[in-house]
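Chemist: predicted structure and sequence below. I'll ask about it afterward.
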Amino acid sequence: MFDRRTFLAAGAAAVAAGGTRTASADDHESSRATFSLDYAPHFGSFAKTAGSDLIDQLRFMHDNGFRSLEDNPFTKRSFDDQKNIAAEMERLGMRMGVFVANWPVRPYFQEPLLASGDKATRDAFVKVIADSVEIAKRANAKWATVVPGCLDPKLPMPFQTANVVDALRRAAEIYEKHGLVMVLEPLNHWTNHPRLFLSGGPQAYAVCKAVDSPACKILFDIYHQQITEGNLIANMRSCWSEIGYIQVGDNPGRKEPGTGEINYKNVFRFLKHEMKYDGIIGMEHGQSKPGPEGELAVLRSYIEHDAAVTSDGEA
């Protein structure tokens, strides 16, 4: 049987060998100490250690200091799973991060969606957004990821942008009534998602400004934006009024912080101390090592990076 104290003690020893931290493993296990920033794992992030049961995974996340969850495919889960996940999160005092609201109306990674201006496609998208309201309420969720879809090569870019803005305004009207926020995620063209309409932070900023609604903001995925444009802190600062949600993953490889070129200690200090960010930071990345050892490496990474945040003068 899995023993959390043993797992955490091993994590603390590993961190002690490679860096500093502010709390012992026993502190995390016995007091359920939270992190300074609100990092949100996904189901599967610790499945090799906590087991395949979703509720057990939630409890493991909570026992290890995490207070939020991201679940992109939440809309595709059974009604019973949705209700059970929501009930356990409420019991644990955990927040739901993003789920994907428009899990493909059409294959939005292959075909034009909102950029085309096609009325039937736009209306189908708006209906999906309306249907997602009840799912968001079921999970007590506030944010939902929206992907506008691919570019339409038959239309000049200004026309495509106008079509996207029109569709998003209609969707935003629905979300505004319920206090929900759709977050638009720019995805990089180079490594993962060629041909998508939305790829950069400045572009997403301009779209959100044009939509002009508190229900339409940016999901700033630091992994994607490092690939697309870099200059992360300056670009986040410039986009800040329209950023509603943040995700992380290192580059190259899209693994846990500390495995690539991004200085996440500086990024997290910036979010905590300069921007006073109290939102969720989604852990949308894989693991640098397989199995339980890889899950320990993920936990160790967040303990170490969070220690750098709290050691900068603010707990």
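Modeler: Yep, it's here.

Chemist: hmm, residue 165 is touching residue 208, no?
Modeler: No - using Cβ atoms under 8 Å as the test, residue 165 is too far from residue 208 to be in contact (9.4 Å). Bear in mind the C-beta positions are built from the backbone N, C-alpha and C, glycine included.

Chemist: so which of these two has more stuff around it?
Modeler: residue 208 (24 against 21; other Cβ atoms under 10 Å).

Chemist: what helix or strand does that one sit in?
Modeler: Assessed by DSSP states H and E, residue 208 sits inside helix 201-211.

Chemist: which residues are contacting that helix?
Modeler: Residues outside helix 201-211 that contact it (Cβ atoms under 8 Å, 6 or more residues apart in numbering): 161, 164-165, 168-169, 172, 184, 186, 198, 216-218, 220, 225, 228-229, 235-236, 238-239, 242.

Chemist: give the next helix or strand downstream of the helix or strand bottoming out on mean pLDDT in the chain.
Modeler: Counting by mean pLDDT, DSSP states H and E, the weakest-scoring helix or strand in the chain turns out to be helix 25-31, with a mean of 38. Under the assignment DSSP H and E, the closest C-terminal helix or strand after helix 25-31 is strand 38-40.

Chemist: contacts for that following strand next, please.
Modeler: 66-70, 95, 97, 278-283, 302, 306.

Chemist: so where's the stretch 101-250 of the chain shaky on pLDDT?
Modeler: 104-108 (pLDDT under 70).

Chemist: rerun at 90
Modeler: In the predicted model, the stretch 101-250 of the chain carries pLDDT under 90 at residues 102-113, 189-195.

Chemist: where along it do the helices fall?
Modeler: 119-138, 157-176, 201-211, 222-228, 232-239 (DSSP state H, counting those that start in this stretch).

Chemist: okay, these, which one's buried deepest?
Modeler: helix 222-228 (a mean of 23; mean count of other Cβ atoms under 10 Å).

Chemist: for residue 173, see how far away residue 216 is.
Modeler: 10 Å (Cβ to Cβ, to the nearest Å).

Chemist: coming back round to it: the inter-axis angle of the helix holding residue 208 versus helix 232-239?
Modeler: 10 degrees (axes from the mean of the first three to the mean of the last three Cα atoms, to 10 degrees).

Chemist: work out the gap between helix 201-211 and the centre of the chain.
Modeler: Counting by Cα atoms, centre = their mean, to the nearest Å, helix 201-211 is centred 19 Å from the centre of its parent chain.
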